[in-house]
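*Asks:* any chance you can model this:
(one chain, ligands or ions: 1)
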Amino acid sequence: MKVLITGVDGYSGWPLALHLLARGHEVVGLDNFVTRRRVREVGSWSATPIPSFPRRQVAVREVLGKELVFHRGSLTDWEFVRNVLSTERPDAVVHLAEQRSAPYSMIDVHHAVTTQVENLTGTLHLLYGLRECCPGAHLVKMGTMGEYGTPNTDIPEGFFDVEFRGRKDHLPFPRQAGSWYHWSKVFDSGDVMFATRIWGLRATDVMQGVIYGVRTPEITDDRLLTRFDFDETWGTALNRFIAQAVLGLPLTPYGKGEQKRGFIALEDSMQSLTIALEHPPSPGEYRVFNQFDAAYSVNELAELTARVAREFGLNPTIDHPPDPRVEAEQHYYHPLHDHLLALGYHRTRELEEVVREIFHDLLRFRRRLQARRHVVLPTVQWRMPDSRPLLAARHPTAPAPPSENAPESPPAGSPTA
Ligand code: USQ
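*Replies:* Next up, the predicted model:
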């Protein structure tokens, strides 16, 4: 099968290209390298050294003996999208080319607007491009488990049966995203679902949990490594905890640290996406996969990281800085994830062994972490600077609003929710 990967230079786009090539698929990649530029914008870099894309292509040729065709450009450019799709006519498109950082989208109005305009424009261009050039192609769209938020009920895979005032229906499960970034994915989901309905396109919307790990079986040479971000904006909590341990900094589960998320190893994420590709939906079908293996709280991640760190002679402490995000710090979390299992998916990697593997790699690149240690602590705030009354009104569990005589702002550093 011929697969177009948008965002092929990214954290999961790159190992997916290697994996599909190794399985004998034809792979075409597309990217505009904006993640590399934006990581530089926040003063950081990947802990793993990432070669330029032409060098990556040479490495693929030399190590895997395969050709990776590449188009440089942005999905926000309609002519570029139409040109790539009409030239390549792929059987499937895996759409990973989106601004993927929640904190980046929360920096200010410009970052919020850029995130939503870019993400939604890219998806709409792809949908129109598919309609015009290859309507039979299967779109595998990277969404996020964060679209659902943390409701006090189980979370189905996309849809659920509902009965209201005596009438029943099968409807999309409510979305309650937690950042402008996560909301962009919600809007994307609506657009993809609508396009399947009106044009008969076929699509899989992948509600991806947090991915962890730097290695897949195809990454047998350092030139094939994928990126590893650890700064406050681009690094996920687990990446940051491991980097903090290597740097001798305290680990930072925010607030109470009982925020739970679904997780999947990089290698198993590749397996899931491949299963989705090799079992396409029917024309007109919009299906949703909740793609994760197990849920962990950030406290559990911090404790596991500290335990594995000790095997490497490191002895990190665990700190609990105030949560810079507006999110439930303690909540029920039970999403379902049966659709992939029904297609033969099985977990192959355990969290602890992968954390150990990451330590092995990061210790080799310790100097690169040290050179950027100043970007690890959180600075991006979700809430208004003076937001206690607003939060208290919306969240019954938030501290009571200050009395009229109290100072307008809480003292610096005090928890606010
Ligand atoms: N967190 C900490 N300490 C830190 C960093 C984060 O406690 O130092 C907490 C956050 O407050 C949050 C949780 O860890 O409660 C997860 O945050 P994260 O930065 O690891 O991940 P998130 O912002 O949710 O986004 C990541 C990817 C995103 C993907 C998403 C999947 O960056 O692209 O869509 O995971 S999911 O979380 O399922 O929505």
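
*Asks:* C-alpha from now on. contacts and neighbour counts both.
*Replies:* Fine.

*Asks:* OK, contacts around the residue of the stretch 1-150 of the chain found nearest the ligand?
*Replies:* Here the stretch 1-150 of the chain gets closest to the ligand at one residue, G146, 3.1 Å apart by C-alpha to the nearest ligand atom. By C-alpha atoms under 8 Å, 6 or more residues apart in numbering, G146 lies in contact with 176-178, 182, 207, 209.

*Asks:* name the nearest of the residues you listed relative to L277.
*Replies:* Closest approach between those and L277, by C-alpha to C-alpha: M207, at 15.1 Å.

*Asks:* if you tally nearby residues, what's the number for G143?
*Replies:* Residues lying near G143 (other C-alpha atoms under 10 Å) number 27.

*Asks:* could you do A309 as well?
*Replies:* Residues within reach of A309, counting by other C-alpha under 10 Å, total 19.

*Asks:* and G178, by the same measure?
*Replies:* G178, neighbours per other C-alpha under 10 Å, totals 19.

*Asks:* a strand runs through it, doesn't it?
*Replies:* No: applying DSSP: H, G, I helix; E, B strand; the rest coil, one finds G178 to be coil, outside a strand.

*Asks:* wait, it touches P151, no?
*Replies:* No: applying C-alpha atoms under 8 Å as the test, G178 and P151 come out as separate, 11.8 Å apart.

*Asks:* hey, where'd the helices end up in the stretch 251-400 of the chain?
*Replies:* For the stretch 251-400 of the chain, the helices defined by DSSP state H, counting those that start in this stretch cover 266-278, 298-311, 339-342, 351-364, 366-370, 388-394.

*Asks:* which neighbouring elements make contact with the helix or strand that contains H170?
*Replies:* In this assignment (DSSP states H and E), H170 forms part of strand 167-172. When contacts are defined as 3 or more C-alpha pairs under 8 Å, 6 or more residues apart in numbering; DSSP states H and E, strand 167-172 sits against strand 159-164.

*Asks:* other residues contacting the strand it packs on?
*Replies:* Here strand 159-164 makes contact (C-alpha under 8 Å, 6+ apart) with 168-173.

*Asks:* quick check, pLDDT for the residue in the stretch 301-417 of the chain that the ligand sits nearest to.
*Replies:* Going by C-alpha to the nearest ligand atom, the ligand is nearest to R325 of the stretch 301-417 of the chain, at 5.8 Å. In this prediction, R325 carries a pLDDT score of 97.

*Asks:* show the backbone phi and psi for it.
*Replies:* Here is the backbone geometry of R325 (degrees, to the nearest 10): phi -100, psi 160.

*Asks:* chain neighbours aside, what residue packs nearest to it?
*Replies:* Using C-alpha to C-alpha, 6 or more residues apart in numbering and skipping the chain neighbours, the partner closest in space to R325 is W382 (4.8 Å).

*Asks:* what sits against the one you found?
*Replies:* Residues near W382 by C-alpha under 8 Å, 6+ apart: 106, 324-326.

*Asks:* at 6 Å what do you get?
*Replies:* W382 makes contact with 324-326, according to C-alpha atoms under 6 Å, 6 or more residues apart in numbering.

*Asks:* and M142, bridged to which residues?
*Replies:* Counting by DSSP bridges, M142 is bridged to V206.

*Asks:* hang on, the earlier thing: may I have the helix or strand that the strand holding H170 is followed by as PDB, with CA atoms only?
*Replies:* Counting by DSSP H and E, the next helix or strand C-terminal to strand 167-172 is helix 180-199. The C-alpha trace of helix 180-199 is given here as PDB (Å, rounded to 0.1, in the frame of the first residue of the first chain):
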ATOM      1  CA  TRP A 180      -6.700  25.400  22.800                       C
ATOM      2  CA  TYR A 181      -4.600  22.600  21.300                       C
ATOM      3  CA  HIS A 182      -6.900  19.900  22.500                       C
ATOM      4  CA  TRP A 183      -9.900  21.900  21.300                       C
ATOM      5  CA  SER A 184      -8.400  22.100  17.800                       C
ATOM      6  CA  LYS A 185      -8.400  18.300  17.800                       C
ATOM      7  CA  VAL A 186     -12.100  18.300  18.800                       C
ATOM      8  CA  PHE A 187     -13.000  20.600  15.900                       C
ATOM      9  CA  ASP A 188     -10.900  18.500  13.600                       C
ATOM     10  CA  SER A 189     -12.900  15.400  14.700                       C
ATOM     11  CA  GLY A 190     -16.200  17.200  13.800                       C
ATOM     12  CA  ASP A 191     -14.800  18.100  10.400                       C
ATOM     13  CA  VAL A 192     -13.500  14.600   9.600                       C
ATOM     14  CA  MET A 193     -16.800  13.000  10.700                       C
ATOM     15  CA  PHE A 194     -18.800  15.500   8.600                       C
ATOM     16  CA  ALA A 195     -16.600  14.800   5.500                       C
ATOM     17  CA  THR A 196     -17.200  11.100   5.700                       C
ATOM     18  CA  ARG A 197     -20.900  11.700   5.900                       C
ATOM     19  CA  ILE A 198     -21.300  14.200   3.000                       C
ATOM     20  CA  TRP A 199     -18.600  12.900   0.600                       C
END
